[in-house]
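Undergrad: Next comes the sequence, and after it the predicted model I'd like to discuss.
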Amino acid sequence: MIVRKHFEIGETAVTIVAEEELIWYAEQAIFERRAELVKFIERDPFFQLTFEPYDEPESAPEIVKRMCHAARIADVGPMAAVAGTIAGSAVQAMVDQGADHAIVDNGGDIALILREETPIGIYAGQSQFKGLAYLMPRTDGIYGVCTSSGTVGPSISLGAADAATVFAKNVSLADACATRLGNLVKDEREDTLGAAVKLVAGLDGVDGCVAMIGSKMAMRGRVPELVRCGETRSKVSEVQL
């Protein structure tokens, strides 16, 4: 039976949706990846502080390598990919145990594997885009839907977007690129939004992206259909701005 469980450890606040017997494996993966990351940061605090791409040592744990690889593509600091990387590791742990339908939401950075289309709700603070969801199609593997915001939540953003969302098969990359997109959205001008989504959608490995600020929204690339929460229509559209 699919169940939902929320738990928090430190600054990590996670919601897991999966078969009940598999949730333990996701939790263990989160604890283990966090412990590896904390230990690495104790050796090199600069890793946690830099807003620039970071060249990790060969001896770095896999979580650090994944974060650094994604950050180099997005041109951001490696911590921009931390939530998505942890979420991806948690879903992978469940997939290794046979899961074909599981979602891990780590503060708006979501890793998922879906056996049927599923709406993923948008949280964009007080913007007019309340009540909307991306209708995610069935996936053939783990997929990332990651969101950065300059107005919602505790994560650091250098921009003003209510929601900057990136879709990619690599969850770490989706997270890092969502940060890059959010940083680029400084105001509601159409040229600002258009340039931001064009740049991020063009990064290697990104399927598509959406930026929301105030009453404005821009999207580019392969983006799931936007529906009112509860609708079940399925379509994936190619959108160009």
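TA: Perfect, thanks for sending it.
Undergrad: State whether G98 is indeed within a helix.
TA: No - G98 sits outside any helix when classified using DSSP: H, G, I helix; E, B strand; the rest coil, being coil.
Undergrad: Check the burial of the residue nearest to it when sequence neighbours are not counted by counting its neighbours.
TA: Closest residue in space to G98, ignoring its immediate chain neighbours: L22 at 7.7 Å, by CB to CB, 6 or more residues apart in numbering. All C-beta atoms are positioned from the backbone trio N, CA, C, and that covers glycine. L22 has 22 neighbours, counted by other CB atoms under 10 Å.
Undergrad: Which residue is most remote from the mean position of the protein?
TA: In the chain, the residue that sits farthest from the middle, by CA atoms, centre = their mean, is R43; the gap is 26.7 Å.
Undergrad: do you know how far that one is from V64?
TA: 10 Å (CB to CB, to the nearest Å).
Undergrad: Please apply the same query to I41.
TA: 9 Å.
Undergrad: Common neighbours of these two, please.
TA: Contact criterion CB atoms under 8 Å, 6 or more residues apart in numbering; residues shared by I41 and V64: F47.
Undergrad: Please compare those two by neighbour count and tell me which comes out ahead.
TA: V64 (23 against 15).
Undergrad: pLDDT at I122, what is it?
TA: On the pLDDT scale, I122 is placed at 81.
Undergrad: pLDDT wise, what is T165 at?
TA: pLDDT at T165 comes out at 95.
Undergrad: and it, which of the three is it?
TA: strand.
Undergrad: cool, A133 as well?
TA: Three-state assignment for A133 (three-state DSSP): strand.
Undergrad: do Q28 as well
TA: Applying three-state DSSP: Q28 is helix.
Undergrad: Please verify my assumption that it contacts A93.
TA: Yes - using CB atoms under 8 Å, Q28 is in contact with A93, at 6.8 Å.
Undergrad: residues near P137, how many?
TA: Under the neighbour criterion other CB under 10 Å, P137 is assigned a count of 16.
Undergrad: That one against E117, yeah?
TA: Yes - under the criterion of CB under 8 Å, P137 makes contact with E117 at 5.2 Å.
Undergrad: If you count surrounding residues, which of Q28 and A93 has more?
TA: It is A93, of Q28 and A93, that has more neighbours when counted by other CB under 10 Å, with 22 against 12.
Undergrad: how many neighbours does G77 have?
TA: The burial count for G77: 23, using other CB under 10 Å.
Undergrad: Who are the contact partners of it?
TA: G77 neighbours (CB under 8 Å, 6+ apart): 49-54, 71.
Undergrad: So which of these is surrounded by the most neighbours?
TA: Using other CB under 10 Å as the neighbour test, the contacts of G77 are led by A71, with 29 neighbours.
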